[in-house]
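Peer 1: below are the sequence and a predicted model for it; my questions follow.
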Amino acid sequence: QYDAPLTVYHQPNNLFVADFVGNPSINFVEAKGAQRADGAVELTVFQGRKALFRPSTPLDLSQWFRDRSAQAAARGGADRLELCAHLVIGGTTPSTALFRQVQRDIPVKTNVLIRPRFGDFLYSKEELEQMCEEIRMYRDLGANGVVIGALTPDGDLDLESMRRMMDCAGGLDVTLHRAFDMTRDPIRTMEDAIRLGCRTILTSGQQKDALTGVELLRQLQETAAGRIDIMAGCGVKRWNIQEIHDRAGITVFHTTGRKGALDSGMRYRKQTVAMGLPSLSEYEIWQTDEDEFRACAEIVHSFAGAGA
């Protein structure tokens with residue numbers, strides 16, 4: 001019998017990989033097996049002998065993923081993924097091809113960001129039509145939920161647009177995204193979101209990051225009183241999760257789990273041309289760091305009623 005620290009990954013055809021985390025004397029064991037009801041995995045190894053592997057936490061049991069950031073987040077202990085494109089500009093609606101890859105390869109609930117463009121959350125009739133169509137499409141494709149938001153010119157939640165999108169979502173989980181952080185009256189907006197039937201509000205407490213906005217997060221958490229999940233996001237790191245929890249009572253967190261930019265594999269680099277925002281390097285890749293995400297998840301999962 002082998003106990004923590006180890007992580008067990010489930011691959012197709014009941015093939016498992018037991019990875020001995022941080023153990024230099026044992027790399028990994030790959031073998032056929034089955035998961036038991038208690039979360040342990042029994043593998044057939046060493047000339048037909050049985051070995052019982054107990055993962056560090058039940059959430060460590062996951063597939064061997066292809067998409068790198070989703071892979072790192074799920075292996076690190078994510079309870080739910082928010083799938084988006086172009087995170088560097090705050091995120092936009094992802095392609096259906098990416099969603100299908102994640103849905104096929106990653107056994108973690110996936111919510112899809114519905115946002116047609118960079119910029120404010122005041123949408124035209126055509127943009128709203130586009131978002132409604134995308135919500136229906138991802139509902140039909142089997143998404144767990146959608147992440148939406150729309151505002152009026154005066155900084156209130158656009159209730160008419162939100163109702164249209166909620167109707168398109170049907171029974172999907174709905175998160176009000178950080179359009180919330182651009183509203184003029186956060187308590188009123190929270191009450192509106194509750195009445196609409198949103199399950200979660202993603203917010204930094206209307207500040208540059210969640211730690212700076214911790215006082216509003218506390219007010220929201222207390223006023224919500226369990227009627228809606230207040231999910232702290234933006235600048236959430238392993239070093240500030242505990243403080244945000246202690247000061248605000250928040251138990252649900254949203255993080256990219258990034259440490260820093262990875263260097264591109266390009267050897268030839270054209271320095272005189274920018275294909276995107278001039279302030280960003282063409283030769284940096286941003287993706288989730290598994291160790292950082294795992295550290296965040298371990299802290300979050302230590303809280304009662306927690307989720308990451």
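Peer 2: Alright, I've got the coordinates. Residues are numbered from 1 along each chain as shown.
Peer 1: show me the helices in the chain, by range?
Peer 2: In the chain, the segments counted as helices under DSSP state H are 68-76, 96-105, 125-141, 159-169, 186-196, 214-224, 241-248, 290-300.
Peer 1: can you say which of these is nearest to Arg258?
Peer 2: Ranking these by proximity to Arg258 (C-beta to C-beta) places helix 290-300 first, at 6.9 Å. For the C-beta atoms, the positions are set from N, CA and C on the backbone; glycine is no exception.
Peer 1: burial count for Ala295?
Peer 2: Neighbours of Ala295 under the rule other C-beta atoms under 10 Å: 18.
Peer 1: separation between it and Ser281?
Peer 2: According to C-beta to C-beta, to the nearest Å, Ala295 and Ser281 sit 27 Å apart.
Peer 1: what do you get for Glu222?
Peer 2: For Glu222, the distance to Ser281 (C-beta to C-beta) stands at 42 Å.
Peer 1: before we move on, back to that, need the winner for burial among the helices of the chain.
Peer 2: When you average the neighbours per residue for each of these (mean count of other C-beta atoms under 10 Å), helix 68-76 leads with a mean of 23.
Peer 1: distance to Gly205 and mean pLDDT for the helices of the chain - can I get that in a markdown table?
Peer 2: Formatted as a markdown table, the helices of the chain follow (distance: least, C-beta to C-beta, whole Å; pLDDT from 0 to 100):
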| stretch | distance to Gly205 | mean pLDDT |
| --- | --- | --- |
| helix 68-76 | 23 | 67 |
| helix 96-105 | 29 | 89 |
| helix 125-141 | 26 | 97 |
| helix 159-169 | 21 | 98 |
| helix 186-196 | 8 | 98 |
| helix 214-224 | 4 | 98 |
| helix 241-248 | 8 | 96 |
| helix 290-300 | 17 | 85 |
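Peer 1: what ranges in the chain fall below the confidence cut-off?
Peer 2: 1-72, 74, 76, 260, 277-279, 304-308 (pLDDT under 70).
Peer 1: centroid residue for it?
Peer 2: Among the residues of the chain, the one closest to the centroid is Leu81, at 3.4 Å (C-alpha atoms, centre = their mean).
Peer 1: number of nearby residues for the closest residue to that one other than its chain neighbours?
Peer 2: Among residues not flanking Leu81 along the chain, Thr110 sits closest, at 4.7 Å (C-beta to C-beta, 6 or more residues apart in numbering). Thr110 is flanked by 23 other residues according to other C-beta under 10 Å.
Peer 1: give the contact list for the closest residue in space to Gly249 that isn't next to it in sequence.
Peer 2: Leaving out its chain neighbours, the residue that sits closest to Gly249 by C-beta to C-beta, 6+ apart is Gln221, at 4.7 Å. Neighbour list for Gln221: Ile230, Ala248, Gly249, Ile250 [criterion: C-beta atoms under 8 Å, 6 or more residues apart in numbering].
Peer 1: Thr200 now?
Peer 2: Per C-beta under 8 Å, 6+ apart, neighbours of Thr200: Asp173, Val174, Thr175, Leu176, Ile228, Asp229, Ile230, Met231, Val252.
Peer 1: give the contact list for the third one.
Peer 2: Put plainly, it is Thr175. Glu82, Asn111, Gly145, Val146, Val147, Ile148, Cys198, Arg199, Thr200, Ile201, Leu202, Met231.
Peer 1: so how far is Gln221 from it?
Peer 2: 16 Å.
Peer 1: same check, this time on Ile187
Peer 2: Taking C-beta to C-beta, one finds Ile187 at 12 Å from Gln221.
Peer 1: try Thr93
Peer 2: Taken as C-beta to C-beta, the span from Thr93 to Gln221 is 29 Å.
Peer 1: close enough to count as contact, the residue nearest to the centre of the chain and Leu98?
Peer 2: No: applying C-beta atoms under 8 Å, one finds Leu81 not in contact with Leu98, separated by 11.3 Å.
Peer 1: contacts for stretch 127-145, please.
Peer 2: Applying C-beta under 8 Å, 6+ apart, the set of residues contacting stretch 127-145 is 80, 93, 96, 99-100, 103, 109-112, 114-117, 123, 146, 148, 150, 161, 164-165, 168-170, 172-175, 199.
Peer 1: what is the distance between that stretch and the centre of its chain?
Peer 2: 18 Å (C-alpha atoms, centre = their mean, to the nearest Å).
Peer 1: in this structure Met231 contacts Thr251, no?
Peer 2: No: at 9.3 Å, Met231 does not count as touching Thr251 under the criterion of C-beta under 8 Å.
Peer 1: of those two, which one has the most company?
Peer 2: A direct count of neighbours by other C-beta under 10 Å for Met231 and Thr251 places Met231 higher, at 25 against 20.
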